[in-house]
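Trainee: Turn this into a model:
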Amino acid sequence: MKIKFNNEYKNYAFIQKVVKTGIKITFDDGFVIKCGKNHIFLDDKEIVANTLNVGDMLIGKKIASIEPTTQDFYEPVNVEGHYYTANIGGVKFNNHNCSFLGSSTTLIDGMVLGSLIQKEPIETFDGIDGRIYEKYDKNYQYIIGVDVGDGTQNDYSCIQVLKIVSTERIEQVCVYANNKIRPNVFAEKILQVAKMYGCPKTLVENNGPGELCIYSLWNELEYEELVHYDNINPGVKCTHKTKISGCLNLKKLMEERKLVVYDKDTISELKQFERVKESYMSVAGHDDLVMSLVWAAIITTLGEFEYEFSPQDEDENDDFDGDPFYSRYVKADSDDDSWVWTV
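Mentor: Have a look, this model is predicted:
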């Protein structure tokens with residue numbers, strides 16, 4: 001596929017549909033451009049859309065008004081050379097290609113990353129730290145993964161809530177991220193979010209500040225649904241082994257299109273989450289949303305987690321057998337024909 005830039009045609013991967021908040025720019029001659037806040041125009045120099053002001057000149061026109069808008073945007077992905085020419089109503093202007101797939105070293109395949117569709121949250125709390133994409137439904141199971149920061153404005157303390165729709169579909173429904181909250185206070189926030197989704201199984205990383213958070217959550221707040229990854233202590237110790245195991249599980253779920261992610265910040269971190277030597281980490285910025293997603297997803301591989309599904313699904317999942325990183329399906333010890341997800 002080709003896209004035009006000035007008088008040349010450049011290769012690109014595909015057109016990506018993204019639902020997000022953007023801006024509507026109206027010029028003094030009535031011409032209108034709608035774009036994302038971080039869209040980059042090439043007009044003698046690169047100009048980021050959210051830095052524009054009324055009265056500024058752009059593409060030879062004077063800006064009369066700038067308004068917020070939320071809608072579907074269609075963006076070319078992986079444009080060769082990173083620039084392309086747009087044509088709206090006969091008016092041509094050059095743009096920087098902001099959308100890109102992951103590199104060959106990202107944990108998640110680039111085509112999968114490129115196909116993720118961002119959504120705006122239906123509700124927020126604590127400013128925009130907490131973002132709700134779907135509210136609790138008593139007819140479904142939920143799981144929570146937590147990554148704990150120290151509250152000193154460095155790493156973020158993050159919560160990921162996932163809804164188990166079926167063994168073939170898991171959806172991200174709530175996200176929380178804050179880099180100022182202290183671990184013991186964060187424990188209260190975890191409890192608050194957990195109560196919003198029926199107090200589901202919750203896996204908290206217990207390295208460093210995570211120990212204090214878990215102590216408060218387990219001993220003081222008496223939250224009984226904490227997952228014991230090692231079957232002894234609440235939480236999960238992030239070691240090389242558990243991190244690789246968790247990352248590969250996340251990779252499998254997302255590349256098989258079983259796990260759907262909507263949060264734009266989570267998607268952004270996933271695009272920067274790459275293999276570095278013998279591990280995975282962000283190569284540009286934070287990866288706390290990714291790691292909390294890893295801990296949530298890994299709950300599905302543990303014996304504590306049970307999910308009933310139809311026995312006819314068994315043959316479709318034979319490839320799990322013998323794989324230490326992923327769950328297997330076995331017959332439940334019961335009088336009916338239900339099945340459970342276990343190891």
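Trainee: and the residue sitting nearest the centre point of the chain, what does it touch?
Mentor: With distances taken as C-alpha atoms, centre = their mean, Thr266 lies nearest the centre of the chain, 2.8 Å away. With contacts defined as C-beta atoms under 8 Å, 6 or more residues apart in numbering, Thr266 is in contact with Gln160, Gln172, Val175, Leu289, Val290, Leu293. To be clear about C-beta, it is placed using only N, CA and C from the backbone, and glycine gets the same treatment.
Trainee: What segments of the stretch 201-343 of the chain are strands?
Mentor: Taking DSSP state E, counting those that start in this stretch as the criterion, the stretch 201-343 of the chain carries its strands at 201-204, 259-260, 273-276, 279-282, 328-331, 339-342.
Trainee: so how far is Ala177 from the nearest residue to Gln118 once chain neighbours are set aside?
Mentor: Nearest non-adjacent residue to Gln118, counting by C-beta to C-beta, 6 or more residues apart in numbering: Lys264, 4.4 Å away. Distance, Lys264 to Ala177, by C-beta to C-beta, to the nearest Å: 12 Å.
Trainee: Could you pick out the longest helix of the chain?
Mentor: Longest helix in the chain, counting residues (DSSP state H): helix 240-255.
Trainee: ok, and what's touching that one?
Mentor: The list of residues contacting helix 240-255 from outside it, by C-beta under 8 Å, 6+ apart, reads 107-109, 112, 170, 229, 236, 259, 261, 278-280, 290-291, 293-295, 297-298, 300-301, 324-326.
Trainee: redo that, cut-off 7 Å
Mentor: With contact meaning C-beta atoms under 7 Å, 6 or more residues apart in numbering, helix 240-255 is reached by 107-109, 112, 170, 236, 259, 279-280, 293-295, 297-298, 301, 325-326.
Trainee: and that helix, how far from the chain's centre?
Mentor: Going by C-alpha atoms, centre = their mean, to the nearest Å, the spacing between the C-alpha centre of helix 240-255 and its chain's C-alpha centre is 15 Å.
Trainee: Of the contacts of Thr266, just say which sits nearest to Ile25.
Mentor: Nearest to Ile25 among the contacts of Thr266 is Val175, at 29.6 Å by C-beta to C-beta.
Trainee: what about Lys264 and Ala177, which has more around it?
Mentor: Looking at Lys264 and Ala177 with other C-beta atoms under 10 Å, you find the greater number of neighbours at Ala177, namely 25 against 19.
Trainee: hmm, which helix or strand of this structure has the shakiest average pLDDT?
Mentor: Taking mean pLDDT, DSSP states H and E as the measure, the chain has strand 328-331 as its least confident helix or strand, at a mean of 30.
Trainee: For beta bridges, what are the partners of the closest residue to Ile159 other than its chain neighbours?
Mentor: Nearest residue to Ile159 in three dimensions, chain neighbours excluded: Tyr176, at 4.0 Å (C-beta to C-beta, 6+ apart). Per DSSP bridges, residues listed as beta-bridge partners of Tyr176: Gly130, Ile159.
Trainee: ok, Tyr176 to Lys264 distance?
Mentor: Distance check for Tyr176 against Lys264: by C-beta to C-beta, it reads 15 Å.
Trainee: And Ala49, by the same measure?
Mentor: Separation of Ala49 from Lys264 (C-beta to C-beta) stands at 16 Å.
Trainee: can I see the domain layout of this protein?
Mentor: As given by automatic domain parsing, the domain ranges for the chain are 2-96, 123-305.
Trainee: Select from these the stretch with the lowest mean pLDDT.
Mentor: Note on the domains of the chain: lowest mean pLDDT is at domain 2-96, with a mean of 72.
Trainee: Distance to Ile117 added to the domains of the chain, as JSON lines?
Mentor: Rendered in JSON lines, the data for the domains of the chain read as follows (distance: least, C-beta to C-beta, whole Å):
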{"stretch": "domain 2-96", "distance to Ile117": "6"}
{"stretch": "domain 123-305", "distance to Ile117": "7"}
